[in-house]
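Peer 1: coords below, sequence missing:
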């Protein structure tokens, strides 16, 4: 489980660790195929939208809550 430091949404500068953890979580559950890195990209946004649609959430690209049970913290 991880908690976001900042929302991940258009027009908001996302935290690099948040992006890394989000990509790792999306990869783990099959909604992202790219590398788990700290750079927000279109593939990650597509994965968030697909996850939202698949789980019945509003498809708005914004992510503001903790993602329980998925992802990992990047080791420094």
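Peer 2: Good, I have the coordinates. Just so we're clear, the structure is a prediction, and the values are computed from it rather than from any experiment.

Peer 1: ranges for the helices of the chain?
Peer 2: For the chain, the helices defined by DSSP state H occupy 16-28, 42-54.

Peer 1: just send those back as a markdown table, with mean pLDDT and distance to residue 63 too.
Peer 2: Backbone N, C-alpha and C define where each C-beta goes, glycine included. Formatted as a markdown table, these follow (pLDDT from 0 to 100; distance: least, C-beta to C-beta, whole Å):
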| stretch | mean pLDDT | distance to residue 63 |
| --- | --- | --- |
| helix 16-28 | 93 | 7 |
| helix 42-54 | 90 | 6 |
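
Peer 1: need the winner for burial among those helices.
Peer 2: helix 16-28 (a mean of 20; mean count of other C-beta atoms under 10 Å).

Peer 1: that one vs helix 42-54, what angle?
Peer 2: 60 degrees (axes from the mean of the first three to the mean of the last three C-alpha atoms, to 10 degrees).

Peer 1: other SSEs contacting helix 16-28?
Peer 2: Helix 16-28 makes packing contacts with helix 42-54 when contacts are defined by 3 or more C-beta pairs under 8 Å, 6 or more residues apart in numbering; DSSP states H and E.

Peer 1: now do residue 33 against residue 48, distance only.
Peer 2: As judged by C-beta to C-beta, to the nearest Å, residue 33 and residue 48 stand 14 Å apart.
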